[in-house]
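Peer 1: no FASTA, just this:
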Ligand code: SAJ
């Protein structure tokens with residue numbers, strides 16, 4: 001089939017924009033990747049990415065070497081524009097609101113380049129009706145096409161999921177959706193479903209809200225199990241044996257740039273979304289809850305001037321991403337209580353607090369607080385645990401992820417506390 005679109009401008013070269021731009025370039029499109037951050041553009045050109053994602057480096061260098069991908073700081077004329085900029089949450093009068101300023105700036109930057117027949121796709125997560133409103137604004141006197149196509153990839157598996165996942169395309173009209181489908185069909189192996197733009201916006205928010213509410217339920221179960229002396233992990237595993245039950249895992253809170261943020265965009269358009277708000281607040285409170293559990297243990301033992309070694313500040317296992325990480329709240333809270341901290345995270349390279357290697361982090365520590373489910377924490381060998389034991393002042397480990405080999409740590413001599421295990425085996 002002859003392509004109606006040949007040249008595409010991708011605005012925003014982050015976790016989604018860069019892989020998407022490279023993928024399109026590797027599938028024969030002429031792609032201009034645009035990012036306002038000059039440093040980022042330079043590092044992409046030089047092949048040194050500041051994003052750690054399996055296979056991405058090869059994909060990007062392939063795209064650049066083929067001549068199909070160029071990166072710069074300003075957009076240029078193209079047949080289609082794909083917007084992949086962040087949409088953080090901001091607070092106004094105690095109410096959450098989607099910060100659309102990056103999206104609006106992106107729209108303004110492409111506006112002078114727009115011609116009749118051009119297609120604009122928004123991939124950033126936005127509150128319902130945003131695409132329609134932008135379309136009304138841009139279509140004034142022009143004939144453009146517009147669609148909302150949410151990304152649904154999982155950090156750590158972005159390249160695989162970009163190709164394999166099903167895709168939802170919401171057009172402001174049928175022609176827009178069909179035109180957007182032409183682009184995604186070039187590299188997506190999954191099914192492509194077409195709908196209207198507002199439904200597509202809601203679908204994206206519902207997917208992530210479903211996970212957030214499910215995790216909140218798991219966290220509430222964990223708190224209850226602490227009280228009634230049940231092991232929540234065992235109880236969830238058994239409940240999930242039911243063919244129609246699938247409870248997620250409790251933990252120290254929900255991080256990342258999606259699940260901890262997107263539910264607020266529903267609350268923004270529907271203030272009465274009580275369940276969604278409550279789940280958000282419950283998950284946001286988890287970092288403090290786990291700290292309080294640990295503090296109780298420190299107090300019980302009369303440990304003063306405590307030092308806690310925090311294991312993991314990435315928002316989840318095996319990634320270097322620290323956006324909205326529960327670890328940050330844990331650090332701030334412990335520091336506010338006069339507890340000194342050290343941080344060990346084998347994945348994270350830069351962070352707002354100093355990172356240390358394993359030995360320095362545990363030296364003279366009273367407790368280890370495991371926040372992230374990195375596989376490295378599961379794989380500690382007995383000799384390594386013995387070395388950690390030797391270096392620490394008091395021998396407490398609190399695991400908020402059910403990730404460490406508790407039996408091995410106990411065998412070495414540690415007191416191990418698992419979040420949600422009221423039985424305290
Ligand atoms: N978490 C728990 N318990 C669980 C699962 C996760 O506490 O049982 C925590 C994680 O540790 C993390 C947070 O929740 O802090 C979110 O992690 P996640 O793996 O659920 O999701 P993300 O934010 O890495 O990526 C999600 C993905 N959505 C789903 O898995 C439904 C991805 O497909 C989306 O593309 C992405 O959000 C997004 O961009 O919206």
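Peer 2: Cool, the structure landed. Quantities reported herein were computed from a predicted structural model and do not represent experimental measurements.
Peer 1: Counting by contacts, list what the helix ranked longest in the chain packs against.
Peer 2: Longest helix in the chain, counting residues (DSSP state H): helix 197-228. The contact analysis (3 or more C-beta pairs under 8 Å, 6 or more residues apart in numbering; DSSP states H and E) places helix 197-228 against helix 130-138, strand 145-148, strand 167-171, helix 232-239, helix 262-269, helix 274-300. C-beta here means a position set from N, CA and C on the backbone, and glycine is covered the same way.
Peer 1: out of those, deepest packed?
Peer 2: Burial of the helices and strands packed on helix 197-228 is given as mean neighbour count (mean count of other C-beta atoms under 10 Å); strand 145-148 ranks first at a mean of 29.
Peer 1: Need the residues that contact the helix or strand following that strand.
Peer 2: Reading on from strand 145-148 to the C-terminus, the next helix or strand found by DSSP states H and E is helix 158-164. Residues outside helix 158-164 that contact it (C-beta atoms under 8 Å, 6 or more residues apart in numbering): 15-16, 19-20, 23, 53-56, 59, 151-154, 187-190.
Peer 1: and these, which of them are in helices?
Peer 2: Using DSSP H, the subset of those located in helices is 19, 20, 23, 56, 59.
Peer 1: biggest separation within these, which pair?
Peer 2: Spatial extent of the ones in helices among the contacts of helix 158-164 (C-beta to C-beta) is set by the pair 20 and 56 at 11.3 Å.
Peer 1: neighbour count winner among these two?
Peer 2: The neighbour count for residue 20 versus residue 56, taken as other C-beta atoms under 10 Å, is higher for residue 20 (28 against 17).
Peer 1: Let me see the contact set for the more buried one.
Peer 2: Going by C-beta under 8 Å, 6+ apart, residue 20 touches 10, 82, 84, 123, 151, 162.
Peer 1: count of neighbours near the fifth one?
Peer 2: It refers to residue 151. With other C-beta under 10 Å as criterion, residue 151 counts 20.
Peer 1: before we move on, what about the first one?
Peer 2: Residue 10 has 32 neighbours, counted by other C-beta under 10 Å.
Peer 1: one step back: now do the longest helix of the chain, average pLDDT.
Peer 2: Here helix 197-228 scores 98 as its mean pLDDT.
Peer 1: for it, which positions count as buried?
Peer 2: Within helix 197-228, the residues scored as buried using 16 or more other C-beta atoms under 10 Å are 197-198, 200-205, 207-209, 211-213, 215-223, 225-226.
Peer 1: Please apply the same query to stretch 48-56.
Peer 2: Neighbour-count burial for stretch 48-56, counted by 16+ other C-beta under 10 Å, picks out 49, 51, 53, 56.
Peer 1: try stretch 116-125
Peer 2: 118, 119, 120, 121, 122, 123, 124, 125.
Peer 1: Any chance of CSV for those residues, columns pLDDT?
Peer 2: Output for the buried residues of stretch 116-125, formatted as CSV (pLDDT from 0 to 100):
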residue, pLDDT
118, 97
119, 98
120, 98
121, 98
122, 98
123, 98
124, 96
125, 96
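Peer 1: Now, the residues you listed that are in strands?
Peer 2: When DSSP state E is applied, the buried residues of stretch 116-125 are split such that 119, 120, 121, 122 fall in strands.
Peer 1: Let me have those in JSON lines, extended by distance to the ligand.
Peer 2: Shown next, in JSON lines, are these (distance: C-beta to the nearest ligand atom, whole Å):
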{"residue": "119", "distance to the ligand": "22"}
{"residue": "120", "distance to the ligand": "20"}
{"residue": "121", "distance to the ligand": "16"}
{"residue": "122", "distance to the ligand": "14"}
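Peer 1: now these in JSON lines, with distance to residue 138?
Peer 2: JSON lines is the format used below for those (distance: C-beta to C-beta, whole Å):
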{"residue": "119", "distance to residue 138": "11"}
{"residue": "120", "distance to residue 138": "7"}
{"residue": "121", "distance to residue 138": "13"}
{"residue": "122", "distance to residue 138": "11"}
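Peer 1: ok, and the closest non-adjacent residue to residue 364?
Peer 2: residue 393 (4.9 Å; C-beta to C-beta, 6 or more residues apart in numbering).
Peer 1: Work out for me the element the one you found sits within.
Peer 2: If you go by DSSP H and E, residue 393 is not part of any helix or strand.
Peer 1: Give the burial count for it, as a bare number.
Peer 2: Here the number of neighbours of residue 393 (other C-beta under 10 Å) works out to 15.
Peer 1: Over to residue 270?
Peer 2: Residue crowding around residue 270 was assessed by other C-beta under 10 Å; the count is 13.
Peer 1: same deal with residue 33?
Peer 2: 31.
Peer 1: what do you get for residue 109?
Peer 2: Residues near residue 109, counting by other C-beta under 10 Å, number 18.
Peer 1: give the contact list for it.
Peer 2: Under the criterion of C-beta under 8 Å, 6+ apart, the neighbours of residue 109 are 11, 34, 74, 75.
Peer 1: Narrow those to those that are buried.
Peer 2: Neighbour counting by 16+ other C-beta under 10 Å classes 11, 34, 75 among the contacts of residue 109 as buried.
Peer 1: overlap between these and the residues near the ligand?
Peer 2: Checking these against the ligand by C-beta under 6 Å from any ligand atom, not one of them is in range.
Peer 1: What is the nearest of those to the ligand?
Peer 2: Taking C-beta to the nearest ligand atom as the measure, the ligand lies nearest residue 11 of these, at 17.0 Å.
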